[in-house]
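Trainee: Sharing a sequence plus its predicted fold:
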Amino acid sequence: MEELLEILQELHPDVNFEEEEHLIDDKILDSFDIISIISEIAEQFDVVISAEHILPENFNSAKALYELIKQLEDED
């Protein structure tokens, strides 16, 4: 989780990603952020987030995103 939080903090140092649960709904993250996050996750965690997983509920919080990463790691 720490690695993910570091990725997110680099994009938006002003956001408390440990507590924020509406990153997409509140427009904190935009499409460019999502692309950057997906790229960083692929590099850091060696998982591919496919189009079917690019849903608001998977990106609304760091916790949800981390759960997605763990799910994808388990599928390998």
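Mentor: Looks like it arrived, so ask away.
Trainee: alpha carbons only for contacts and neighbour counts from here, please
Mentor: Will do.
Trainee: Give me the most central residue, the protein.
Mentor: Among the residues of the chain, the one closest to the centroid is L65, at 4.4 Å (Cα atoms, centre = their mean).
Trainee: next one: the helix or strand hosting that one to chain centre, how far?
Mentor: Applying DSSP states H and E as the criterion places L65 in helix 62-75. For helix 62-75, the separation from the chain centroid amounts to 9 Å (computed by Cα atoms, centre = their mean, to the nearest Å).
Trainee: do the same with stretch 68-76
Mentor: Chain-centre distance of stretch 68-76: 13 Å, with Cα atoms, centre = their mean.
Trainee: go on, stretch 52-70?
Mentor: 6 Å.
Trainee: Would you mark the buried spots in it?
Mentor: Buried residues in stretch 52-70, counted by 16 or more other Cα atoms under 10 Å: 58-63, 65-66, 68-69.
Trainee: Need the contact partners of it.
Mentor: Stretch 52-70 is contacted from outside by 1, 4-5, 17-25, 34, 45, 47, using Cα atoms under 8 Å, 6 or more residues apart in numbering.
Trainee: Type out the PyMOL command that picks the buried ones from those residues.
Mentor: Per 16+ other Cα under 10 Å, the buried members of those correspond to this PyMOL selection:
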select buried, resi 4+17+21+22+23+24+47
